[in-house]
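A.B. asks: 3D model of this:
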Amino acid sequence: MEDQIIIDMYFARDEQAIVCTRDKYGRLLRSIAYGILKSHEDSEECENDTYLKTWNIIPPTRPSAFQAFLAKITRNLSLDRYDSLHAAKRGGGEVPLMIDELEECIPDQITASTDDESDNTELKRILDKFLEELSADSRKMFMRRYFFGDSVNEIADMYGFGKSKVKMSLSRSRDSLRDLLVKEGYYG
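C.D. replies: So this is what the prediction gives:
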């Protein structure tokens, strides 16, 4: 079913919209949540929470890229759940490691000022440019690591690469992102 038809169903408050969303995107949403949470039960809860949040957001919001809209909601819900589940045991697991890796290349003023819509638009443009400039393999590895939350081992297995190749590619990608942010005036 076309995304616009599903979105129209949300606007009509037709509960079939949730069923259609689950049928079309459920597997993707569970995959995103599982990449972060590593728990089938928690992943299913985040998937269901995504449907509820989508129901509450549409209307008035009319997403232009429905799949990306759902993926972002699921990712944010999964990260929130991860934080709440691991609040007492900081320092272990993939998510803190993944965040530490990214903090090396993202300046403090970016993470501190994400409420300004014009800053968000500019950052989106910069990140889109960054991702476009990466090779296809580097882009896949970067997205699997920093959007889906996959470990280096999982990425290596998924694409048939050695762990050292994945680590080196991610390191070079982070360096490239930092260089682009410097060039765009976000550092120094």
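
A.B. asks: what pLDDT does the nearest residue to Glu44 once chain neighbours are set aside get?
C.D. replies: Spatially, and ignoring its direct neighbours in sequence, Glu44 is nearest to Arg30 (6.6 Å; CB to CB, 6 or more residues apart in numbering). Backbone N, C-alpha and C define where each C-beta goes, glycine included. On pLDDT, Arg30 comes in at 95.

A.B. asks: before we move on, what about Ile36?
C.D. replies: As predicted, Ile36 sits at a pLDDT of 89.

A.B. asks: Tell me how many other residues crowd the residue nearest to Glu44.
C.D. replies: Arg30 has 18 neighbouring residues, counting by other CB atoms under 10 Å.

A.B. asks: so after the helix or strand where it lies, what's the next helix or strand?
C.D. replies: Taking DSSP states H and E as the criterion, Arg30 maps to helix 16-37. Sequence-wise, the next helix or strand downstream of helix 16-37 (DSSP H and E) is helix 40-57.

A.B. asks: list the helices and strands that next one packs on?
C.D. replies: Helix 40-57 sits against helix 16-37, helix 66-85, with contacts defined as 3 or more CB pairs under 8 Å, 6 or more residues apart in numbering; DSSP states H and E.

A.B. asks: if we go to 10 Å?
C.D. replies: Contacts defined by 3 or more CB pairs under 10 Å, 6 or more residues apart in numbering; DSSP states H and E place helix 40-57 against helix 3-11, helix 16-37, helix 66-85.

A.B. asks: residue closest to the middle of this protein?
C.D. replies: Ranked by distance to the mean C-alpha position of the chain (CA atoms, centre = their mean), the top residue is Phe147 at 3.4 Å.

A.B. asks: Would you quantify the distance from the nearest residue to it once chain neighbours are set aside to Tyr186?
C.D. replies: Sequence neighbours aside, Arg75 is the residue nearest to Phe147 in space, at 6.7 Å (criterion: CB to CB, 6+ apart). Counting by CB to CB, to the nearest Å, the gap from Arg75 to Tyr186 is 23 Å.

A.B. asks: Can you pull the poorly scored residue ranges out of this structure?
C.D. replies: The chain contains residues with pLDDT under 70 at 87-96, 107-120, 187-188.

A.B. asks: Show me it divided up by domain.
C.D. replies: For the chain, automatic domain parsing gives the domain ranges 3-88, 94-183.
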